[in-house]
Each structure stands twice: as C-alpha cells, then as structure tokens.
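Asker: got a structure for you, letters missing:
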C-alpha cells in the first residue's frame, strides 16, 4: 500500500535523501577532485571585515537537528494532499517505497545554472512544501533567486528564503541566504576547509585563499541583505551558519553530505529555516559575543550613510496642542509619516490629568516621593501564569505571532482529505 508523504512527514523525511547529482561528462568536469580552485576565484571586494571569530558547532549540530525534527515534525496523518492544488508545490525528493512520490527527472548539470535547477527542484521545493504544511502562516515565504547587485561571478549563485510579497527590515532578519557553487569548483576539501577556518584575516596584504574568499563573499552577501542566517552548498555538500548581530562572529555546522541520513540535508534545511524564523526549539546563539552592534560599513567603504530627513523640522518653542493620544494622527505633532507608537490610548496627560505637572526637584527626597507616587498609579503586576503578548512588528508585518499561533486557521491553499478547512490540522502547530 502506498502512502502520502503527509501521512507521516517524519517518516517520509527520515529516508528522503537527495538524488545523486548527474554531471555532464566534459573534460573540465570529469575530475573535480584535482581541480585547482584558484583558477576560478571569487570576486571579493576590498573592504573592512572584522570577522574575528568563527565558531565550529561540531557534532552538537547533528543532535540539535535530530531532536528538533523528532519534536516538531508530525508523525501522524495530516489528511492533506501531497501537492498543493493551487500553488503547485509538491514533494519532489523520493523516500522509501511506501511513500508515493513521483520521480522527477532533470538533465545532467553542465554549468552552475543546471546545478541550481537541481537545487531548486529537489531540496528547496520539497522543504518549502513541508514548511508550509507545518507552518501555514509562512505561505507567503519561498525561495527566490537573489539579485547579484553587480556581482560578476558566474560561478556563485544565491537563493533567498524570504517573504516574497513584502520587503521590511524585520523580514530580512528572519530570512536565509542559500549560496551555491558547483562541485567542480567547490570541492569536498574546500568545503571542509571552509568550516575549519577560525577567523577571516583583516588588513592582510596577501591574496585571500579559497576558503577565505568564500567567507568574504558570504559576509558581503549577508551584510548587503542584512540576513544573518546562511547556507552554503555545492548540492553534494552542505554547511549551515549564521552571523552574530554585529557581524564579528560566525557559527558554522559540520559539512553534511547529500546522502547523509542522520541528519539528512532535508532535516537540516527545515531546522535552519525554522531557526531563522525563531520557531520553538530553533538554534540560538550559544555564547555571548562582545562586539559593537554598529560594525557595518556600506558597500562603498565609506561610513554608514545617514538618511537625510525629507522635511527639515524647525526647532522652536512648542505651540502644539497635541495631547499625545495614539488615536490622533502623527502629523498633529509635526511628525508626518511617523509610525504611531502603541504606548497609551489615553495620551500622556493621563493618568494624572491635565492639571498635574511633575517637575524634577533638586531635593532627592521630593524626587523619590514623585517616583513612588508614579509607581502607585501603575497597573497591577502580571500574575505568574499570565503570558506576555506576542511581539509584533512596527508595520503591518505579522509573521511571528501567526507562526506560533495555536489556533486553527483556514487561510491556506491546501485541500484536506476528509477534514474541513478550519480544523486544528490546518493550524500553525500540529
């Protein structure tokens, strides 16, 4: 009897190993093991990079992935079709014979574009389908080819896991860069050396070596898009990493082979996308990093650009009659276009009323009394079991609360088999 992958996602992923990449038998592709990577070098700009620490995650990474998959990927039937009838998303990586996943045939890879076809059609499409089933709130997220912003490297391509419908700094922070080089250039040994590097030389006059150029290229790409999570792959080999908030420290996993089973590449991809989106149990920075947060220079090697205000606000004695109420438009206070802060619906005049004016006294005793008076008017403390509200973005971006929402939702393009829309199986958590 053949099963759908959605009948047991955890069982499906256990044996979902990537198909072996077929290479076109050209003279320059036959023996990539002896290929001299320095013959085709990456274009890395000369710029200030203070990547002082690269932390290798060793075998603990495998344990983190396996534990997350076991805890969060459902192992019971979800009563869903394998293919989304509206979007066309489906499972493309075959698993054990008990799962009915149609075979997908692609032509042999003769250049990096063909390698990217294999990358896009097998692991990325399948992981995207699984992730949308597990977290329906991410239905607007997907993999898209990144603009190379003037890059002249023909053998370095990047995908972006992001919200394809909106662009916002909060979205960038939750996204993932997937960088690819073909295996005849980025050999298994280069990948191993990449994960073993401990820092990126700063200010050296010698040419950067292959592994250092890879780190420099990834750093440049991630900083340009303000996306700390990244994945580096040749399709045959995979490494998963992230940069710290100040971009001075990186964390990188051991190399995972395409035919690895514990964990599989599919396991690691799911875990890393979930970690970037801050799903429960995802990867968090394991050590505290002492670094300047504003450590990034712009692409032209100048100081950070300072945005000029669209309208110069004159500094003058305040004549505004604005009460500070969040329901009033921001322009009433001379700040057109500003985002209204969710501080109080009553304005700054409450709770003390318009007739009460507090001024800081030079007498410490009076100051202390003023503080105590203010504290007594604060709302009661939360009870121990009362949870804080879910964080929200300053704009209309509402990914994270929906992603972790326990309530059922029918906002999905999936068709259920015998289960009506709005059932708990359609919720963000299974």
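Answerer: All right, it came through fine. If you're wondering where the values come from, they're calculated on a predicted model, not measured in any experiment.

Asker: what's the average pLDDT for stretch 63-76?
Answerer: Stretch 63-76 carries an average pLDDT of 97.

Asker: equivalent analysis for stretch 90-107, please.
Answerer: Averaged across stretch 90-107, pLDDT comes to 95.

Asker: need the contact partners of that stretch.
Answerer: 1-5, 7, 11-19, 22, 82-84, 114, 117-118, 121-123, 125-126, 129-130, 266 (Cβ atoms under 8 Å, 6 or more residues apart in numbering). Backbone N, C-alpha and C define where each C-beta goes, glycine included.

Asker: what's downstream of the longest helix seen in the chain, the next helix or strand?
Answerer: Criterion DSSP state H: the longest helix present in the chain is helix 210-225. Next helix or strand after helix 210-225 toward the C-terminus (DSSP states H and E): strand 229-233.

Asker: for that following strand, packing partners?
Answerer: Packing contacts for strand 229-233, counted by 3 or more Cβ pairs under 8 Å, 6 or more residues apart in numbering; DSSP states H and E, involve strand 176-180, helix 210-225, strand 237-243, helix 265-276.

Asker: in its sheet, what does the first one sit against?
Answerer: It stands for strand 176-180. Using DSSP bridges, strand 176-180 pairs in its sheet with strand 157-163 (antiparallel), strand 229-233 (parallel).

Asker: next secondary structure after that strand?
Answerer: For strand 176-180, the following helix or strand on the C-terminal side (DSSP H and E) is helix 188-196.

Asker: thinking again about what came up before, packing partners of the longest helix of the chain?
Answerer: Contact here means 3+ Cβ pairs under 8 Å, 6+ apart; on that basis helix 210-225 packs against strand 176-180, helix 188-196, strand 229-233, strand 237-243.

Asker: pLDDT on it, on average?
Answerer: Computed over helix 210-225, the average pLDDT equals 91.

Asker: where along the chain do the helices fall?
Answerer: Under DSSP H, the chain gives helices at 9-14, 60-72, 112-119, 125-134, 169-174, 188-196, 210-225, 265-276, 364-376, 399-403.

Asker: show me what the first one is packed up against.
Answerer: For helix 9-14, the helices and strands in contact under the criterion 3+ Cβ pairs under 8 Å, 6+ apart are helix 60-72, helix 125-134, helix 265-276.

Asker: okay, buried residues for it please.
Answerer: Of all the residues in helix 9-14, those buried under the rule 16 or more other Cβ atoms under 10 Å are 9, 11-14.

Asker: closest to residue 157 among those residues?
Answerer: residue 13 (25.7 Å; Cβ to Cβ).

Asker: how close does the closest one get to residue 59?
Answerer: Counting by Cβ to Cβ, to the nearest Å, the gap from residue 13 to residue 59 is 20 Å.

Asker: one more: residue 191?
Answerer: 17 Å.

Asker: and stretch 51-69, which residues are buried?
Answerer: Buried, per 16+ other Cβ under 10 Å, within stretch 51-69: 51, 53-57, 61-62, 64-66, 68-69.

Asker: between the residues you listed, which is closest to residue 177?
Answerer: Nearest member of the buried residues of stretch 51-69 to residue 177, counting by Cβ to Cβ, is residue 51, at 15.5 Å.

Asker: close enough to count as contact, the closest one and residue 200?
Answerer: Yes - judged on Cβ atoms under 8 Å, residue 51 makes contact with residue 200 at a distance of 3.9 Å.

Asker: redo the strands paired with strand 176-180 as TSV? Include distance to residue 220 and mean neighbour count.
Answerer: Listed next are the strands paired with strand 176-180 as TSV, based on distance: least, Cβ to Cβ, whole Å; neighbours: other Cβ atoms under 10 Å:
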stretch	distance to residue 220	mean neighbour count
strand 157-163	11	22
strand 229-233	11	25
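
Asker: adding mean pLDDT, write these out as JSON lines.
Answerer: Supplementary listing: these in JSON lines, determined by pLDDT from 0 to 100:
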{"stretch": "strand 157-163", "mean pLDDT": "96"}
{"stretch": "strand 229-233", "mean pLDDT": "98"}
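
Asker: out of those, which gets nearest to residue 254?
Answerer: Evaluated over those, closeness to residue 254 peaks at strand 229-233, with 12.4 Å, by Cβ to Cβ.

Asker: re the thing from before, so which of the helices and strands packed on helix 210-225 is nearest residue 273?
Answerer: Comparing the helices and strands packed on helix 210-225 by Cβ to Cβ, strand 176-180 comes nearest, at 6.1 Å.

Asker: just name the most buried of the helices of the chain.
Answerer: Stretch with highest mean neighbour count among these: helix 265-276 (a mean of 25; mean count of other Cβ atoms under 10 Å).
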